[in-house]
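# Predicted model follows, preceded by the sequence.
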Amino acid sequence: MSRFDGMKMRVSFDLDEVLFVSPETHKTEPPLPFPLRCYFKERLRLGTPELINTLQKMGYEVWVYTSSFRTERYIRGLFRCYGIHFDGIINGTRHMKEVQSKSKTVLPQKMPSRYHISLHIDDEEVICTSAGQYGFRAYQLNAEDEHWKERIIQRAEEIKKIEQFS
């Protein structure tokens, strides 16, 4: 019996340097209209709404897993402006309360396996290289990559096949 019987595969994204990028170093979605851009200052990597909506249409749950302490309300509000709805959000506060506080040893700043997340997309090498040790798979997104959406979908599909038969 596969873990997909009645449960969708979860994919999570880090925010800073993954979905939130600088227009000086990356292609970005157009800025939000005034006055929204005064409150939501972050810029989304070009293609973010398309990728997240595509993953959800393909049957994946899409989550945010960030070590930042931005509130869930803020994150949901910003992405709602771009037509994105996340299935779950873990911020630094939730991680500290639900993951770290239960452990006497210092755990990594992200533990996607605690939330049954199969694939986590991050820019930090330390998160990606320790993924196997902590029971999840990661995709490291570096710098500007014109094919980032396709690579993430391909990786998600590979993991889905592996997990369907394990």
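Right, received. Where do you want to start?

# In the chain, where's the longest helix?
helix 148-164 (DSSP state H).

# now that helix, how far from the chain's geometric center?
14 Å (CA atoms, centre = their mean, to the nearest Å).

# Any regions of the protein where pLDDT drops low?
Along the chain, segments meeting pLDDT under 70 span 1-6.

# Okay, D16 and Q133: tell me how far apart.
23 Å (CB to CB, to the nearest Å). In this view, the C-beta of every residue, glycine as well, is placed from N, C-alpha and C.

# So for those two, which residue has more residues nearby?
D16 (15 against 8; other CB atoms under 10 Å).

# how about the helices of this structure, start to end?
36-39, 48-57, 72-80, 92-98, 125-129, 148-164.

# so of these, which one's packed in deepest?
When you average the neighbours per residue for each of the helices of the chain (mean count of other CB atoms under 10 Å), helix 48-57 leads with a mean of 17.

# Distance-wise, check S101 relative to I75.
21 Å.

# no no, G135
25 Å.

# contacting residues for K41?
Contacts for K41 (CB atoms under 8 Å, 6 or more residues apart in numbering) come out as none.

# Got phi/psi on it?
phi -80, psi -20 (degrees, to the nearest 10).

# N142 - nearest residue in space that isn't next to it in sequence?
D123 (6.6 Å; CB to CB, 6 or more residues apart in numbering).

# What is the burial count for the one you found?
16.

# where does D87 fall, phi/psi-wise?
Dihedral angles for D87 - degrees, to the nearest 10 - are phi -80, psi -20.

# give the contact list for the residue nearest to it when sequence neighbours are not counted.
Distance criterion CB to CB, 6+ apart; nearest residue to D87, sequence neighbours excluded, is E61 at 4.0 Å. By CB under 8 Å, 6+ apart, E61 lies in contact with K8, M9, R10, V11, D87, G88.

# what's the farthest-apart pair in the residues you listed?
M9 and G88 (12.9 Å; CB to CB).

# The two: who's more crowded?
M9 (21 against 16).

# okay but that one is in contact with I162, surely?
No - contact criterion CB atoms under 8 Å: M9 and I162 do not qualify, at 10.4 Å.

# That concludes my questions; thank you for your assistance.
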